[in-house]
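S.K.: Provide a 3D model corresponding to the input given below.
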Amino acid sequence: MSGVPEGDPDIKLTSMSYVVLGLVSQLGSATPYDLKRAVELTVSNFWPTPHTTLYAEPARLASAGYLEEEQEAGGRRRKLYTVTPRGRRALDRWLADAHAAPPVMHDEGMLKVFFGADPRPIAEAKKQWHTEQLAMLEGYLDGVRQAGDLPSAERVLRFGTALHRAMIDLQDEAIDR
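M.R.: Next up, the predicted model:
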């Protein structure tokens, strides 16, 4: 199968749609597995994404004409997706829109403390996690700086490292109380 299938041109584009469109656009073309790996190495640090969605969403976008789908004739019959002009226009409109939904935090440790758990062991575990995440992001940041000419990725990684440093400081305050 090749080309852009006919389908519903009026599907609702979600944040997941834009994750897929953005990554396929950056990669040039991608299989769902490529998207899964790209998410793990990039946006999962600030936008957790279920892997199953990365297999369903590209097909949905292709059926509406935002992506072009090509499937191998034999072997594993992998599907390869590329952004269509329609997908590029949708992505560009989304990128130009300054509106962004407020961040959502799901913090089970805070929920436990709210209901009466001892905050010290929770804060110690969270501090360890944030320390590990900080080290990982600093490694990514070093790689981005060595690659050069990736200002958007560097900007997001600097934000992420600053956020984890602040969270480490907050956990220290909780432990010291």
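S.K.: Skip ahead from the strand or helix carrying G139 and say which helix or strand is next.
M.R.: Assessed by DSSP states H and E, G139 sits inside helix 119-147. Where DSSP H and E defines the elements, the next helix or strand beyond helix 119-147 is helix 151-176.
S.K.: Measure how that following helix sits relative to helix 119-147, angle-wise.
M.R.: Relative orientation of helix 151-176 and helix 119-147, computed by axes from the mean of the first three to the mean of the last three Cα atoms, to 10 degrees: 160 degrees.
S.K.: elements contacting helix 151-176?
M.R.: helix 119-147 (3 or more Cβ pairs under 8 Å, 6 or more residues apart in numbering; DSSP states H and E). In this view, the C-beta of every residue, glycine as well, is placed from N, C-alpha and C.
S.K.: re the thing from before, the helix holding G139 - contacts with which helices or strands?
M.R.: Under the contact definition 3+ Cβ pairs under 8 Å, 6+ apart, helix 119-147 sits against helix 108-114, helix 151-176.
S.K.: Give me the pLDDT value at L150.
M.R.: On the pLDDT scale, L150 is placed at 82.
S.K.: how near is the residue nearest to it when sequence neighbours are not counted to R158?
M.R.: Counting by Cβ to Cβ, 6 or more residues apart in numbering, L150 lies nearest to V144, which is 4.9 Å off, once chain neighbours are set aside. For V144, the distance to R158 (Cβ to Cβ, to the nearest Å) stands at 10 Å.
S.K.: Neighbour count: the two, which is higher?
M.R.: V144 (19 against 13; other Cβ atoms under 10 Å).
S.K.: Now for that one: which residues touch it?
M.R.: Taking Cβ atoms under 8 Å, 6 or more residues apart in numbering, we find V144 in contact with 150, 153-154, 157.
S.K.: Give the rounded mean pLDDT of the strand or helix carrying Y18.
M.R.: Assigned by DSSP H and E, Y18 belongs to helix 15-27. Mean pLDDT, computed over helix 15-27, is 95.
S.K.: what are the phi and psi angles of G116?
M.R.: phi 110, psi 0 (degrees, to the nearest 10).
S.K.: What separation do you get for it and Q71?
M.R.: Applying Cβ to Cβ, the value for G116 to Q71 is 54 Å.
S.K.: Which one's more surrounded, those two?
M.R.: A side-by-side neighbour count of G116 and Q71, using other Cβ under 10 Å, places Q71 first with 10 against 7.
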